[in-house]
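Visitor: let's see this in three dimensions:
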Amino acid sequence: MNKDINYYSYLFVGPKKFEISINEKLNLKEIYKDNIMVDNHYNDINLDYLDNFLKKNIFISEKLINNFIKEINIIVESHKFLDVSLSVKKKNHNDLILKDDLVYLLNDAKEQCKKTLQGYKIIHMIIDNYQIDSKNYVSFPRNLKCSSFSLDIKFICLYQNLIEEIKKVLRNYQINIDQIISAKYANNLFLKKE
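Guide: Below you'll find the predicted structure:
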């Protein structure tokens, strides 16, 4: 098999649908795509169906790319996501806002979220708003002095047991998860861009 890894692989996992897509990195040309609609009367993801879907598609995909799929990006649609919003504030004493200050606040918020939400893994951390001296900004302003600033942050978290169950199925094919993406969040991003 070829040692060059020149593709992206994606797996959509939901209660009613599974889809796999393999794309070239350079031009994002689709190499392989398949999906199956699942007759599932529950909101939970059926891992047996996922395993059968992968049995069929992993071998075909690897043959087409002449390589093993070692990592895959998972797009998950599930009711087991939890959204948490919080705000963090820092006094700045009329100094410039430094990137280090921003990173410190984000790391602190992330640690607080992890402590509070045991059993969940943070999938996305989104800054919804920057408030600097009571003025709102949608993006981080550069070279700005202020007495205080705060961040409104949204965490999208996924139930850890579901992640472990998906990992267990993927291990049957020697595949690791590269990234997990919330299908709802990804859809909202595309809608905003349109």
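
Visitor: ok, and what's touching stretch 173-185?
Guide: 12, 14, 54, 58, 68-77, 81, 121, 123-124, 126, 156, 158, 163, 166-167, 170 (Cβ atoms under 8 Å, 6 or more residues apart in numbering). Where C-beta positions appear, they are placed from N, C-alpha and C, glycine not excepted.

Visitor: in it, what's buried?
Guide: 173, 175, 180-183, 185 (16 or more other Cβ atoms under 10 Å).

Visitor: of these, which belong to strands?
Guide: 180-182 (DSSP state E).

Visitor: now do the helices in the protein.
Guide: Assigned by DSSP state H, the helices in the chain fall at 47-65, 99-116, 160-171, 183-193.

Visitor: hang on, the earlier thing: now the ones in strands among the buried residues of stretch 173-185 as JSON lines including distance to Y42 and pLDDT?
Guide: Shown next, in JSON lines, are those (distance: Cβ to Cβ, whole Å; pLDDT from 0 to 100):
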{"residue": "I180", "distance to Y42": "21", "pLDDT": "97"}
{"residue": "I181", "distance to Y42": "22", "pLDDT": "97"}
{"residue": "S182", "distance to Y42": "20", "pLDDT": "97"}
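
Visitor: before we move on, the earlier item: how about the buried residues of stretch 173-185, which pair is most distant?
Guide: Maximum pairwise distance among the buried residues of stretch 173-185 (Cβ to Cβ): 26.1 Å, between Y173 and Y185.

Visitor: can you list contacts of stretch 54-61?
Guide: Under Cβ under 8 Å, 6+ apart, the answer for stretch 54-61 is 9, 11, 20, 22, 31-32, 34, 69, 169-170, 172-173, 175.

Visitor: quick check: mean pLDDT of that stretch?
Guide: When pLDDT is averaged along stretch 54-61, the result is 96.

Visitor: in it, what counts as buried?
Guide: For stretch 54-61, by 16+ other Cβ under 10 Å, it's 54, 57-58, 61.

Visitor: same thing with stretch 80-97?
Guide: 80-81, 84, 90, 92, 97.

Visitor: would you mind writing the CA trace of that stretch as CSV?
Guide: Taking Å, rounded to 0.1, in the frame of the first residue of the first chain, the C-alpha atoms of stretch 80-97 are listed here in CSV:
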residue,chain,number,x,y,z
LYS,A,80,-26.5,13.1,23.4
PHE,A,81,-25.0,16.5,22.7
LEU,A,82,-25.1,19.1,25.4
ASP,A,83,-24.6,22.8,24.8
VAL,A,84,-23.3,24.9,27.6
SER,A,85,-22.8,28.7,27.6
LEU,A,86,-20.8,30.7,30.0
SER,A,87,-19.1,34.1,30.3
VAL,A,88,-15.6,34.8,31.7
LYS,A,89,-14.3,38.2,32.6
LYS,A,90,-10.8,39.7,33.2
LYS,A,91,-9.7,43.0,34.6
ASN,A,92,-7.2,44.5,32.3
HIS,A,93,-6.2,47.8,34.0
ASN,A,94,-6.2,49.9,30.8
ASP,A,95,-3.5,47.7,29.2
LEU,A,96,-3.5,46.2,25.7
ILE,A,97,-5.4,43.0,25.4
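
Visitor: thanks a lot, catch you later.
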